[in-house]
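Asks: Below is the structure, and that's it, no one-letter string:
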């Protein structure tokens, strides 16, 4: 699918040899975590993407002509303690996740990245293996259309009332009310 690829990207695709990479962004409250699957740091658009090489991978992105929500799984292996601390101390659910596909020119300059995925983060899973000393963080993300049919706001039921006002009995018997209320003249 054409995503508005520039002439430079099209020429890189047609080249006999090219160097593709992916740029990942996780937007948190006060900062943006940027990393790449290239084997060195990449500078683009005034930002530095930390090179993770083969330690960074993603899967699950599919294109379809049908109207459907796509999801992605981003996996970072051999994670440093500061990365884990970052995930544990920030609100990461519903934060923006962007994956770009890019090519590096012969001089290492990023050639017009194209957005491959733009969605929201959900439920990172942190797995530690004490025997090997490895740690893997897997972050699931879905397009922003994932909650298209979700009803916003609060509901007038006892269960939700207890979430916000524990012990309040105001909605305890609402489900048993089944009256037809007629407004205006008979």
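Replies: Sure thing, it's come through. Note that the coordinates shown come from a computational prediction; the quantities given were computed from them, not determined experimentally. Numbering: from 1, shown residues only.

Asks: pLDDT weak spots in the chain?
Replies: Along the chain, segments meeting pLDDT under 70 span 1-5, 8-17, 60-69, 79-84, 87-88, 144-152, 178-179, 181, 186.

Asks: Looks like residue 129 contacts residue 135 (just checking).
Replies: Yes: in terms of Cβ atoms under 8 Å, residue 129 counts as a neighbour of residue 135; the distance is 7.5 Å. C-beta here means a position set from N, CA and C on the backbone, and glycine is covered the same way.

Asks: any chance you could map the helices in the protein?
Replies: If you assign secondary structure with DSSP state H, the helices in the chain sit at 7-14, 81-89, 158-164.

Asks: Specify the beta-bridge partners of the closest residue to residue 92 other than its chain neighbours.
Replies: What sits nearest to residue 92 in space, not counting adjacent residues and going by Cβ to Cβ, 6 or more residues apart in numbering, is residue 121, at 5.1 Å. For residue 121, the residues forming beta bridges with it (DSSP bridges) are residue 141.

Asks: how far away is residue 121 from residue 52?
Replies: Counting by Cβ to Cβ, to the nearest Å, the separation of residue 121 from residue 52 is 17 Å.

Asks: what do you get for residue 161?
Replies: As for residue 161, its distance to residue 52 is 46 Å (criterion: Cβ to Cβ).

Asks: Equivalent analysis for residue 169, please.
Replies: Taking Cβ to Cβ as the criterion, residue 169 is separated from residue 52 by 53 Å.

Asks: who's more crowded, those two?
Replies: Between residue 169 and residue 52, counted using other Cβ atoms under 10 Å, the more crowded position is residue 52 (20 against 10).

Asks: Give the closest residue to that one in space, chain neighbours not counted.
Replies: On the basis of Cβ to Cβ, 6+ apart, the spatially nearest residue to residue 52 that is not a chain neighbour turns out to be residue 35, at 5.2 Å.

Asks: Then residue 112?
Replies: If the residues on either side of it in the chain are set aside, residue 112 comes closest to residue 6, at 4.3 Å by Cβ to Cβ, 6+ apart.

Asks: Near the one you found, how many other residues are there?
Replies: Neighbours around residue 6, by other Cβ under 10 Å: 12.

Asks: Please report the distance of it from residue 38.
Replies: For residue 6, the distance to residue 38 equals 20 Å [Cβ to Cβ].
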